[in-house]
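Novice: Next come a sequence and a model predicted from it.
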Amino acid sequence: MQAIILSIGDELVLGQTVDTNSAWLSQQLAAIGLPTAAHVTVGDEQRAIVEAIGASAKRSDFLIISGGIGPTADDLTRAALAEAMGMPLDLHEPALRALQGYFDRLNRPMAKINEVQAYLPRTASMI
């Protein structure tokens with residue numbers, strides 16, 4: 001068994017941010033005996049993300065995707081994953097409640113745009 005870590009973000013591809021997430025994830029996977037076969041990084045472009053998901057899924061037993069799940073227009077991971085899986089995105093009510101609870105604990109209103117963070121491909125499981 002092996003894993004691939006797919007990191008998403010223009011800031012990573014352009015070298016504006018160092019991808020420490022992939023290094024940490026690889027260390028955690030190694031600690032449980034699961035080797036990482038590759039780190040793949042793509043920018044914020046849906047077609048590139050879909051292609052990277054498809055290629056990486058074929059080469060690994062586990063695909064961990066990091067980045068691109070915020071509420072902004074360039075956060076395309078959830079839509080790309082749904083496209084790659086051939087599934088629609090559905091609102092996950094427990095995730096929406098958890099997200100609202102997070103903002104409540106901060107004593108801040110949750111902007112409507114944040115609701116997109118509670119959508120996931122229909123057959124996916126939230127972890």
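Specialist: Nice, thanks for sending it over.
Novice: Confirm I4 sits in a strand?
Specialist: Yes: the assignment for I4, made by DSSP: H, G, I helix; E, B strand; the rest coil, places it in a strand.
Novice: And for it, the neighbour number?
Specialist: 22 (other CB atoms under 10 Å). From N, CA and C alone the C-beta is placed, and that goes for glycine too.
Novice: L34 is in contact with that one, correct?
Specialist: No: the criterion here is CB atoms under 8 Å, and I4 misses it with L34 at 11.0 Å.
Novice: what residues do the two have in common as contacts?
Specialist: Contact criterion CB atoms under 8 Å, 6 or more residues apart in numbering; residues shared by I4 and L34: F62.
Novice: helices and strands around the lowest-mean-pLDDT helix or strand in the chain, which ones?
Specialist: Ranked by mean pLDDT, DSSP states H and E, the helix or strand of the chain with the weakest confidence is strand 119-121, at a mean of 92. Strand 119-121 sits against helix 77-85, strand 89-91, with contacts defined as 3 or more CB pairs under 8 Å, 6 or more residues apart in numbering; DSSP states H and E.
Novice: Most tightly packed of these?
Specialist: Most buried of the helices and strands packed on strand 119-121 by mean neighbour count (mean count of other CB atoms under 10 Å) is helix 77-85; its value is a mean of 20.
Novice: Name the residues that touch that helix?
Specialist: Contacts made with helix 77-85 from outside it, assessed by CB under 8 Å, 6+ apart, are listed as 8, 46, 49-50, 53-54, 57, 65, 67-69, 88-89, 116, 119-124.
Novice: Three-state assignment for the residue of the chain most remote from its centre, please.
Specialist: Largest separation from the mean C-alpha position in the chain: N107, at 26.6 Å (CA atoms, centre = their mean). N107 falls in the coil class when you classify it by three-state DSSP.
Novice: Could you measure from it over to G101?
Specialist: 12 Å (CB to CB, to the nearest Å).
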